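Asker: Below: sequence and its predicted model.
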Amino acid sequence: MSTYGEPQELEQGDDAPRTPTEILAQISEEMVPQFLELRAWPENVKKEFLDNLYKSMVCIMLIL
């Protein structure tokens, strides 16, 4: 256990994305379709979430 301010080592599985391109692919191919299938969230919440998700994806694309 680390204290505040100390870096923590992240553990990744073999299938964890390692590059921005892989992160974008995982988001668009796996996470977005699952999210769009959710029926429990109100439409305005889903819209706001997707807006922020797309903004985040653009930021990732800008660093490529």
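Answerer: On my side now, so go ahead.
Asker: what pLDDT does the most centrally placed residue in the chain get?
Answerer: With distances taken as C-alpha atoms, centre = their mean, Ile27 lies nearest the centre of the chain, 5.6 Å away. According to the prediction, Ile27 has pLDDT 87.
Asker: Tell me who's in contact with it.
Answerer: Taking C-beta atoms under 8 Å, 6 or more residues apart in numbering as the contact definition, Ile27 lies against 53, 57. Placement of C-beta: from N, CA and C, glycine included.
Asker: give me that answer again for 10 Å
Answerer: Going by C-beta atoms under 10 Å, 6 or more residues apart in numbering, Ile27 touches 17, 35, 53-54, 56-57, 60.
Asker: just these now: which is nearest Val45?
Answerer: Lowest distance from Val45 to these (C-beta to C-beta) belongs to Phe35, with 10.8 Å.
Asker: Compute the distance between the closest one and Phe49, please.
Answerer: Here Phe35 is placed at a distance of 7 Å from Phe49 (C-beta to C-beta, to the nearest Å).
Asker: Spit out the residues that contact the two alike.
Answerer: Trp41.
Asker: just for this structure, where's the confidence low?
Answerer: Counting by pLDDT under 70, the chain contains low-confidence residues at 1-17.
Asker: Now the longest helix belonging to it: buried residues?
Answerer: Among the segments of the chain that qualify as a helix by DSSP state H, the longest is helix 43-62. When burial is assessed from 16 or more other C-beta atoms under 10 Å, helix 43-62 yields the following buried residues: Met57.
Asker: All set now, cheers.
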